[in-house]
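J.: Please work out how this folds:
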Amino acid sequence: MKASIDRKKQLLTICSCVLLCLPVAAKAAETAPVETTPAETTPAEAASMPETTVTNRAVSSLSVGTEMMSGDTTYQIGYPVTFDGETSGGYFPFSELEWPLDVVLGRIDGLAVFHDKWRLSGYFKMDLSDPDDEMKDSDWLTDLDPSRLDVYSESSIEDFSAFVINIDLSYIFVNKNGFVLYGGAGYQYQDFSFDGALITQYSPSGLPGFYFEGDGRVGITYDIEYSIPYLLLGTGFGVGDKFSFDASFAFSPFASAEDEDHHLMREFGGKISKSDMDGTALIFNASGKYNFTPRWFMLLGFQHTDIDVDGTMDQSYVETGYFLSNRVESESKQTSVYLSLGANF
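T.: Below is the predicted model of the structure:
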């Protein structure tokens, strides 16, 4: 996990520098203000982003706030399985782990518009709380009845970390009468890490030998990283001279993920499972901005992310090494609302 933590720190440093430099860069790119007449500027135009009148020349903004996220990141494994050089087919899945994402995040958003044509925006988010929900582990072990749930357990989340960074660059195709239409490309990186401690395990189908109660020790750790390059289409419009609305939709056909699952108390010093996956992702974002003054504003937003990837998992024991590989599918659904306070520059 140390490499993942080091990578996270590097990305956080880069992201912080980029976001904090956006207002400065935008200011440096400004041309001298041009006086406008009331006939040339409508209230709706004055409320849209960016605002370019003499009374409010905001071409960039920076905001800080909190986000309430709900959802999960879940992976399933099953056949085909390759063991001792031979591959066998069968049902899917035979195991599923659902990791909760009901957390509070802190976030910083930055936006800069250059020459009324180029829009550079970004944000990063980090955890402020641990999930309240439990991790759920389900196993289907009966070949003759693969729909029968044979083993089920729940584990409390003892430690959790989250890191999300996003940056995109768009070209503004339309900016007229308070209406903005833009499109471009971006990149999002996510890293979620969990430590779980068993609460209870039992067999819903009545199989013997599967009942255990946890003793408070961390028995499993899990880390997953998502990498999402995407294409973006967005729009915005102003309402009166105080309020503006922005919405965007992003799609990635090249999303990828890497994860590592460590069962600390398994035989041979513990079992480590690593996966390499690829697939698709969707990101929808909508926000409303209320300007208290030409300088200060409040931002209320909604965001939904849906990631669907699959690939191959390699399993190994700490003491004896690799012993098999199997198919893996991972899906993450994340829904958030956020509230931020910020300043126009």
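
J.: So which helix or strand of the chain has the lowest pLDDT on average?
T.: Ranking every helix and strand in the chain by mean pLDDT, DSSP states H and E puts helix 43-47 at the bottom, with a mean of 39.

J.: The helix or strand S155 falls within pairs with which strands, and in what direction?
T.: Using DSSP states H and E, S155 maps to strand 151-176. Sheet pairing here is set by DSSP bridges, and for strand 151-176 it gives strand 118-127 (antiparallel), strand 135-139 (antiparallel), strand 179-202 (antiparallel).

J.: burial measure for F237, as a count.
T.: Residues near F237, counting by other CB atoms under 10 Å, number 18. For glycine as for every other residue, the C-beta is placed from the backbone atoms N, C-alpha and C.

J.: I'd assumed V180 was in contact with it.
T.: Yes: if you go by CB atoms under 8 Å, F237 and V180 touch, sitting 6.9 Å apart.

J.: Can you read off the pLDDT for the residue nearest to H262 when sequence neighbours are not counted?
T.: Sequence neighbours aside, T221 is the residue nearest to H262 in space, at 4.7 Å (criterion: CB to CB, 6 or more residues apart in numbering). T221 is assigned a pLDDT of 97 by the prediction.

J.: so what's T221 up against?
T.: Neighbour list for T221: M1, S193, F194, D195, G196, E260, D261, H262, L264 [criterion: CB atoms under 8 Å, 6 or more residues apart in numbering].

J.: okay, the second one: pLDDT?
T.: What that stands for is S193. What the model reports for S193 is a pLDDT of 97.

J.: so it bridges to which residues?
T.: Beta-bridge partners for S193, by DSSP bridges, are S161, D223.

J.: And the closest residue to I157 other than its chain neighbours, how close does it get to D102?
T.: Nearest residue to I157, sequence neighbours excluded (CB to CB, 6+ apart): P131, at 4.7 Å. P131 is 5 Å from D102, where distance means CB to CB, to the nearest Å.

J.: Who has more neighbours out of these two?
T.: Between P131 and D102, counted using other CB under 10 Å, P131 has the larger neighbour count: 21 against 15.

J.: which residues of the protein score low on pLDDT?
T.: By pLDDT under 70, the low-scoring segments of the chain are 1-58.

J.: Now the residue most central in space within it: closest residue in space that isn't a chain neighbour?
T.: Centroid check for the chain by CA atoms, centre = their mean gives Q190 as the closest residue, at 4.9 Å. Using CB to CB, 6+ apart and skipping residues adjacent in sequence, the residue nearest Q190 is Y226, 4.2 Å away.

J.: Having no further points to raise, I will conclude here.
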